[in-house]
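>>> no FASTA, just this:
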C-alpha cells in the first residue's frame, strides 16, 4: 500500500532563504508523485508532478523537486523564499495500479519571515 | 476556462438537518472525489466515483452520501447522522490516465449553527 510522510508540520524560513519541504513515500511499484499548495480557504493547486520522466521536476512559482528512488524521497525546494510562498504544502502519491487513488501527506505549513 | 466549481463557498447547517454540497466540473474527467479537511490535518477521502452511476466509499463515508448521475456532477450530502460535520470540504476530479493529477475546486466550508 502507498503512503506519504511529510517531515515537519511547520517550517519557517526567512525571506530570500532556501525552502526545503520533505516528503518520503512508500510504494511497491514505481510511483507518481505530486506536490500541491493550498492558500487559506482555497482548494489545492498543483505545483509539480513526477511521472517517471526526468527525476528533477520544475514546477510553478520557482519550485522544483527531485525524485530519489534510493531514498524514497521527493523533497520540494525553492532557492529563495518569497512572502507569497507562505501556505500549506501537500505531497501526494499514486501509481499505475491505483492511478485514480491518491494518498496525501498531512501537510507542511510554510511561514516566511520578513 | 475549464475547472471545478463548488458551491456554496460557505454553508451553515442546523443540527438534525441534511445539507447538499454541489460540485460541477467541465474538464471531461471521469473520476471525481470528495475530501474532508479539518484544521491542521490532511485530506481524508469521503467518497469517490470513477464512472457515472458508480461510486465507492472512502475512509470516512459514515454520515455522508453521494450520487453520480451525470459525468459533470458529484454532489455530496452531509446527513444528520454525521455528528461532527464542521469542516472544509474539497471536491476533486481526474483524467482517467493513471499518471495525471487530481484537480481541485475551491472548497465549501460547512459550519453548524
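Happy to help now that I have it. Quantities reported herein were computed from a predicted structural model and do not represent experimental measurements. Residues are numbered from 1 along each chain as shown, chains lettered A, B, ... in the order given.
>>> Figure out the helix or strand that residue A:4 lives in.
Residue A:4 belongs to strand A:3-5 when assigned by DSSP states H and E.
>>> can you give me the strands for chain B?
Secondary structure of chain B (DSSP state E): strands at B:4-7, B:10-13, B:19-25, B:31-37, B:43-51, B:54-57, B:64-66, B:76-78, B:87-94, B:102-104, B:108-112.
>>> swap in chain A?
Per DSSP E, chain A carries strands over the ranges A:3-5, A:10-14, A:19-21, A:24-26, A:31-38, A:44-50, A:56-58, A:64-68, A:73-78, A:87-95, A:103-104, A:108-113.
>>> What residues does chain B have near chain A?
On the criterion CB under 8 Å from any CB of the partner chain, chain A has as its neighbours in chain B the residues B:4, B:6, B:31, B:33, B:40-43, B:48, B:50, B:88, B:90, B:92, B:94, B:96-107, B:109. C-beta coordinates here come from the backbone N, C-alpha and C atoms, glycine included.
>>> From these, keep the buried residues only.
Buried members of the residues of chain B next to chain A, counted by 16 or more other CB atoms under 10 Å in any protein chain shown: B:4, B:6, B:31, B:33, B:42-43, B:48, B:50, B:88, B:90, B:92, B:94, B:98, B:100-107.
>>> Show me the shaky parts of chain B.
B:1 (pLDDT under 70).
>>> who's sitting farthest from the centroid in it?
Checked against the mean C-alpha position of chain B, the extreme residue using CA atoms, centre = their mean is residue B:99, at a distance of 21.6 Å.
>>> Any figure for the gap between that one and residue A:66?
In this structure, residue B:99 and residue A:66 are 18 Å apart, going by CB to CB, to the nearest Å.
>>> And residue A:93, how close does it get to residue B:56?
Residue A:93 sits at a distance of 19 Å from residue B:56 (criterion: CB to CB).
>>> between the two, who's got more neighbours?
Counted by other CB atoms under 10 Å in any protein chain shown, residue A:93 and residue B:56 do not tie: residue A:93 has more neighbours, with 25 against 12.
>>> re earlier: residue A:105 is nearest to which of the strands of chain B?
With CB to CB as the measure, strand B:43-51 is the member of the strands of chain B nearest residue A:105 (9.3 Å).
>>> Now do the closest one: distance to the chain's middle.
Here strand B:43-51 is found 7 Å from its chain centre; the criterion is CA atoms, centre = their mean, to the nearest Å.
>>> thought residue A:13 was touching residue A:110?
Yes. Between residue A:13 and residue A:110 there is a contact under CB atoms under 8 Å: 7.2 Å.
>>> which residues do these two both contact?
Residues touching both residue A:13 and residue A:110 (CB atoms under 8 Å, 6 or more residues apart in numbering or on different chains) are A:19, A:81.
>>> that older thread, tabulate the strands of chain A in a markdown table, adding columns for distance to residue B:63 and mean pLDDT.
As requested, the strands of chain A are arranged in a markdown table below (distance: least, CB to CB, whole Å; pLDDT from 0 to 100):
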| stretch | distance to residue B:63 | mean pLDDT |
| --- | --- | --- |
| strand A:3-5 | 25 | 92 |
| strand A:10-14 | 31 | 97 |
| strand A:19-21 | 33 | 98 |
| strand A:24-26 | 30 | 93 |
| strand A:31-38 | 24 | 95 |
| strand A:44-50 | 23 | 96 |
| strand A:56-58 | 38 | 95 |
| strand A:64-68 | 36 | 95 |
| strand A:73-78 | 34 | 97 |
| strand A:87-95 | 24 | 93 |
| strand A:103-104 | 21 | 92 |
| strand A:108-113 | 28 | 97 |
